[in-house]
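Trainee: what follows is a predicted protein model with its sequence.
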Amino acid sequence: MNEQSTSRLVLKNLIRLSRPVDLLAGVFLYVLGTGIAHFLGFPINWTVFWIGQASIIFLQLSSYYLKAYYDTPQPEETDSPVDNKPDAPRKEPNGQLPRQVGLQSALVMMTIGAMMTVILLWSGTIQPPAFLFLGFAFLLAFFYAVPPLRLVYSGYGELTTAILMANLVPSLAFLFQTGDLHRQVAMLTFPLTALYLATILATTLQKYGADVRYERRTLMVRMGWQFGMHVHNILILMTYLLFVLAALMDLPWSLTWPALLSLPIALYQIYLVMQIARGGKPRWKLLTFTALATLGLTVYLLNLALWTN
């Protein structure tokens with residue numbers, strides 16, 4: 001393989017490992033947090049908005065690339081004897097990527113993210129609560145991928161991701177604009193955290209057999225697939241119950257009813273999982289699409305309500 005082809009392959013795998021769907025989810029959830037500030041009447045500092053959004057994206061990318069680096073087998077674990085050369089590209093479980101590229105990319109992303117944070121601190125626009133939340137988010141993202149904790153395969157990786165994406169990201173966006181938290185942030189992010197976790201369980205269920213075979217201690221493996229499916233269904237129902245409870249606790253109805261519009265799709269998602277649990281033929285693509293549609297539509301409709309009211 002010539003140098004140009006190798007570079008093209010590396011770039012292709014870097015894009016794939018960046019998890020574009022997760023990055024997009026992070027963008028929408030960050031916009032949601034800013035939307036809560038807008039809904040409550042706070043003026044939006046768009047410079048802070050864009051710098052904060054960039055920080056979150058670089059934080060995500062650094063975590064994904066670190067995971068790729070530590071997922072990479074050592075030379076003796078690869079299939080090809082050619083790969084035993086110190087400088088040879090080594091196989092990454094989901095494709096081919098030189099191991100050092102994953103580490104170098106992660107370091108670049110962390111450096112840029114740190115620079116963005118320094119800019120926010122230097123400008124005086126970020127308050128101590130926001131800095132604490134950002135530090136906690138960094139620690140979660142870092143130890144999600146890096147030993148000794150390596151939360152991704154500890155049985156708590158999915159929960160860590162759900163908390164980071166659906167709770168901390170919107171909270172950070174809100175804190176960047178206001179400097180303090182508000183109960184409406186919790187009223188919206190807690191249900192979304194449950195829904196995000198259910199989405200992860202649904203979209204990774206197909207990999208359960210491979211995870212067991214290769215001893216990846218995911219949350220589904222830790223629970224067992226039968227109990228894990230029940231947990232998925234409970235999380236879906238809990239999501240909409242929490243939205244209703246939030247409405248009873250003074251969350252404006254103009255924010256509650258848009259979130260409930262995705263309920264029919266969510267119930268169909270539960271139906272698809274129950275079919276699998278009963279021994280029916282799995283429809284993996286449909287389940288993945290339905291799970292992503294439930295989460296995506298819920299977040300989109302909440303954003304629409306927040307920014308248009």
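Mentor: Everything's here; your move. Residues are numbered from 1 along each chain as shown.

Trainee: now for Thr288: which residues touch it?
Mentor: By CB atoms under 8 Å, 6 or more residues apart in numbering, Thr288 lies in contact with 202-203, 206. Placement of C-beta: from N, CA and C, glycine included.

Trainee: so where's the protein uncertain?
Mentor: The model of the chain has pLDDT under 70 over residues 1-4, 72-97.

Trainee: how about the nearest residue to Arg216, chain neighbours excluded?
Mentor: Excluding its sequence neighbours, the residue lying closest to Arg216 (CB to CB, 6 or more residues apart in numbering) is Tyr153, at 5.2 Å.

Trainee: wait, the one you found touches Arg217, no?
Mentor: Yes - using CB atoms under 8 Å, Tyr153 is in contact with Arg217, at 5.0 Å.

Trainee: looking at those two, which is more packed in?
Mentor: Tyr153 (20 against 16; other CB atoms under 10 Å).

Trainee: if we can go back for a sec, for Pro20, state which of the contacts of Thr288 is nearest.
Mentor: Thr203 (14.1 Å; CB to CB).

Trainee: what about that closest one, how many neighbours?
Mentor: Using other CB under 10 Å, the number of residues around Thr203 comes to 18.

Trainee: please, which helix or strand holds it?
Mentor: Per DSSP states H and E, Thr203 falls inside helix 183-204.

Trainee: now do the SS call for Thr161.
Mentor: On the three-state scheme (DSSP: H, G, I helix; E, B strand; the rest coil), Thr161 is labelled helix.

Trainee: in space, what's closest to it - neighbours in sequence excluded?
Mentor: Spatial nearest neighbour of Thr161, excluding adjacent residues (CB to CB, 6+ apart): Ile200 at 6.3 Å.

Trainee: tell me the spacing between that neighbour and Gly157.
Mentor: Using CB to CB, to the nearest Å, we find Ile200 at a distance of 9 Å from Gly157.

Trainee: need the residues touching each of the two.
Mentor: Common neighbours of Ile200 and Gly157, using CB under 8 Å, 6+ apart, are Leu219.

Trainee: ok so, going back, give me the contacts around whichever helix or strand comes after the helix holding Thr203.
Mentor: Moving toward the C-terminus from helix 183-204, the next helix or strand (DSSP H and E) is helix 208-213. With contact meaning CB under 8 Å, 6+ apart, helix 208-213 is reached by 204, 216, 218, 220-221, 225, 228.
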